[in-house]
Structures are given as C-alpha cells and as structure tokens.
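A.B. asks: I would like to see how this sequence folds:
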Amino acid sequence: MLVTTDAERAVEGLVRLLTLREVGTAHIAVSDAPETDTEMGDSEAQVFIGASEKQPHGRVFGGQVLAQGVMAAGLTLDLTPDATPRPIHSLHAYFMRPGDDTQPIRFAVERMMDGKSFSTRRVHAIQHGRPILAMSASFQERAEGMEHQDPMPSAPDPRGLTEMSVALGDLMDRQGIDDERAEQHLARLRKRAIRQYPVGSVDPREPATRSNRYQLWMRAAAALPDDQLLTSAILAYASDFQMLTPSLRNHGVTFFDPRLRVASLDHAMWFHRDASLSDWLLFDLESPSAQSGRALGRGTVWTEGGRLVASLAQEGMTRLKA
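C.D. replies: Got it, this is the predicted structure:
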C-alpha cells in the first residue's frame with residue numbers, strides 16, 4: 001500500500017492494527033468435569049496476537065477488540081484459493097474487563113463447528129492472563145433465498161455536513177471547554193481512519209437535540225483494501241463509536257461531563273449485505289431504554305443507495321457520579 005497523505009497513513013495504520021500474527025495453539029480443558037464424563041471434551045484453540053491502539057483514557061477501545069476478534073475468527077476458516085468464501089453474518093460479544101492499551105492482546109479461537117454452509121467460532125481476547133472479551137461469531141456461505149428489508153430512513157446528504165472533530169472543536173471553543181482529556185480525544189478524532197459526520201448539533205444540551213435518536217454518516221479517510229474479512233472487521237470497529245450516544249443525548253449529557261462513567265458491556269451485530277466504509281454509510285441509532293445505570297443502543301447501517309448493510313445492538317454502563 002503506497003502511503004502519500006495523512007489520510008492514507010491513518011488508513012494504513014488501521015489496517016496494520018487489524019493485521020494479526022498467529023503465535024501457536026492453546027489447549028482448553030474442562031478441569032472440574034468427572035473423569036467418567038467424556039462428553040465435556042477438550043479443545044484446541046489457535047492463538048493470534050494483535051497490537052493495541054493508544055487512547056487518552058488508557059483503556060483499549062472496544063471496537064478495536066471486536067474488529068480484531070472478527071479477524072482472528074475469520075483467519076481460522078479455510079482460506080485456500082479454491083475454498084468457497086464464508087463471510088461473517090453475526091457476532092455476539094461481552095466486554096468483561098478494561099483492556100490495557102500499552103500491551104498487545106492475544107486471541108484464542110476455538111473451532112466450534114464447520115458445517116456444510118455455516119462455521120461457528122468462539123474467541124477469547126486475553127491480557128495479563130485474564131479475558132477482556134468473549135465473542136461468538138458465525139460465518140456462512142452465500143446462498144439464494146427470500147429477501148426483504150425496511151425502507152431507508154431519511155437523512156441529509158453527507159457532503160453538506162461538518163466532520164465530527166471540527167464540530168466538537170467548535171463546540172469546545174463556544175463553551176469554553178478547556179480539558180486535557182477532551183483535547184486528547186479531539187486529537188485522536190482528527191487522526192482516525194474513519195471520519196464521522198453527525199446529523200444536527202453535536203451538543204445534546206440544546207433543547208432541539210434532546211432525543212433518543214441519532215444519525216451520522218461515516219466514511220474512511222482514504223480508500224480501504226478490497227478484502228472481505230478486513231471490510232467486515234472495519235465495520236465492526238466503527239460500529240462501537242456512537243452506540244451509547246442516543247441515550248446520553250436523550251438526557252442532555254455530553255461525553256465531556258466529568259460525572260459520566262461509560263463503558264460498553266456487550267455488543268451484537270448482524271451483517272446483512274456487502275458494503276465498505278470506502279463509501280458513505282449512514283448509522284441510524286436509537287436508545288429504547290435506560291435503567292439501573294445501563295443503557296441500550298440499537299441501530300442500522302445503510303448505503304447511500306438505500307441498502308440495509310447491518311443491524312447493531314449494544315448495552316453499556318452509563319453512570320453519573322455525584
């Protein structure tokens with residue numbers, strides 16, 4: 001990949017982040033099973049290692065772990081030239097511990113099932129000897145069948161919108177926000193390979209923006225490689241950017257609020273149709289419920305031409321400390 005601009009360097013950095021190295025195998029055994037219980041069985045996992053992306057708060061970005069998990073699971077499929085491709089069609093993940101962004105992550109992948117058209121994998125992301133994420137993923141050969149989708153929601157042309165880092169920088173200037181962590185977050189946004197273009201104001205304290213609905217367009221800063229597994233992993237990476245935003249906006253809370261404690265708890269994703277963030281994708285998000293310090297986010301992802309690409313769901317911790 002010939003890199004000549006800052007945008008291309010950002011994309012190349014994301015591709016490198018999602019390029020995992022296989023380091024061996026791990027033996028997984030059920031140690032407490034009775035000796036006579038042979039149905040529990042043992043299994044062997046392929047182990048991959050990936051780098052961590054630095055963050056202002058020192059914790060690994062959840063979307064990074066999701067995307068690397070997708071890559072690790074997909075690398076255990078039959079990737080020989082004559083094999084029939086099996087793209088990912090769903091993932092279900094739990095975030096268990098904060099990741100350490102100063103250390104790499106190991107991904108142990110169990111081959112749960114390889115059937116005639118489906119393959120299922122279980123992925124454990126491990127740091128310091130403990131799991132930080134557990135994920136199941138399913139892959140399927142393409143097949144003919146019944147097909148339908150909802151109509152695309154209305155949204156403005158992304159080309160007339162302001163990029164997220166510019167919009168947030170303007171907001172910080174207007175509100176006199178002078179916070180080192182906020183400035184670091186803004187610097188990270190400016191360097192990201194995936195650019196975000198919010199629909200409407202980025203300030204949830206404005207009365208007109210107090211809603212449990214939120215839309216934004218996303219697009220890569222430069223062209224992405226034409227690789228099906230990598231394309232799916234990058235979509236998973238981007239899917240974790242804003243899932244809890246609709247809930248916070250509904251309550252007029254910003255990510256700059258010093259009382260806010262937020263973290264992803266779980267994440268589910270269904271991949272319906274092919275699409276790449278080399279092109280514009282609309283993320284249409286909502287939060288139907290928040291309770292007990294947790295908020296649920298749901299969403300759909302659309303191409304400019306109105307094709308439903310993916311469905312998303314995530315529950316997260318959203319606590320306001322006194």
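A.B. asks: pull the helix or strand with minimum mean pLDDT from the chain.
C.D. replies: helix 180-191 (a mean of 79; mean pLDDT, DSSP states H and E).
A.B. asks: what's in contact with that helix?
C.D. replies: Contacts to helix 180-191, defined as Cβ atoms under 8 Å, 6 or more residues apart in numbering, come from residues 6, 10, 55-57, 164-165, 168-169, 172, 196, 255-256. C-beta here means a position set from N, CA and C on the backbone, and glycine is covered the same way.
A.B. asks: Repeat the analysis, applying 7 Å as the threshold.
C.D. replies: Applying Cβ atoms under 7 Å, 6 or more residues apart in numbering, the contact partners of helix 180-191 are 10, 56-57, 164-165, 168-169, 172, 256.
A.B. asks: Top of those residues by number of neighbours, please.
C.D. replies: Leu168 (24 neighbours; other Cβ atoms under 10 Å).
A.B. asks: Secondary structure class of that residue, three-state.
C.D. replies: Secondary structure, DSSP: H, G, I helix; E, B strand; the rest coil: Leu168 is helix.
A.B. asks: returning to that earlier point: so after the least confident helix or strand of the chain, what's the next helix or strand?
C.D. replies: strand 194-198 (DSSP states H and E).
A.B. asks: Can you tell me which of the contacts of helix 180-191 comes closest to Ser232?
C.D. replies: Proximity of the contacts of helix 180-191 to Ser232 (Cβ to Cβ) peaks at Ala10, which lies at 19.6 Å.
A.B. asks: partners of Arg319 in the sheet?
C.D. replies: Beta bridges link Arg319 to Arg261, judged by DSSP bridges.
A.B. asks: my guess is it meets Arg259, correct?
C.D. replies: No. Taking contacts as Cβ atoms under 7 Å, Arg319 lies outside contact range of Arg259: 8.4 Å.
A.B. asks: neighbour count winner among these two?
C.D. replies: Neighbours were counted for Arg319 and for Arg259 using other Cβ under 10 Å; Arg319 has more, 13 against 9.
A.B. asks: how much space between that one and Gly297?
C.D. replies: 16 Å (Cβ to Cβ, to the nearest Å).
A.B. asks: what do you get for Lys191?
C.D. replies: From Lys191 to Gly297 the distance is 25 Å (Cβ to Cβ).
A.B. asks: So those two - more neighbours on which side?
C.D. replies: Neighbours were counted for Lys191 and for Gly297 using other Cβ under 10 Å; Gly297 has more, 27 against 13.
A.B. asks: Phi first, then psi, for that one.
C.D. replies: Torsion angles at Gly297 (phi, psi; degrees, to the nearest 10) stand at phi -120, psi 140.
A.B. asks: State the mean pLDDT of the helix or strand that His267 is a member of.
C.D. replies: Remark: His267 resides in strand 260-271, with elements defined by DSSP H and E. Averaging pLDDT along strand 260-271 gives 94.
A.B. asks: likewise stretch 21-31?
C.D. replies: Stretch 21-31 comes out at a mean pLDDT of 82.
A.B. asks: what about Val309, neighbour count?
C.D. replies: Neighbours of Val309 (other Cβ under 10 Å): 21.
A.B. asks: oh sorry, the question was meant for Ala67
C.D. replies: 25.
A.B. asks: I'd like the next helix or strand past the host helix or strand of it.
C.D. replies: Secondary structure assignment for Ala67, by DSSP H and E: helix 62-74. Toward the C-terminus, helix 62-74 is succeeded by strand 88-95 as the next helix or strand (DSSP H and E).
A.B. asks: So for the helix or strand just after that following strand, what gets flagged as buried?
C.D. replies: Downstream of strand 88-95, the first helix or strand assigned by DSSP H and E is strand 105-114. Using 16 or more other Cβ atoms under 10 Å as the test for burial, strand 105-114 gives 105-111.
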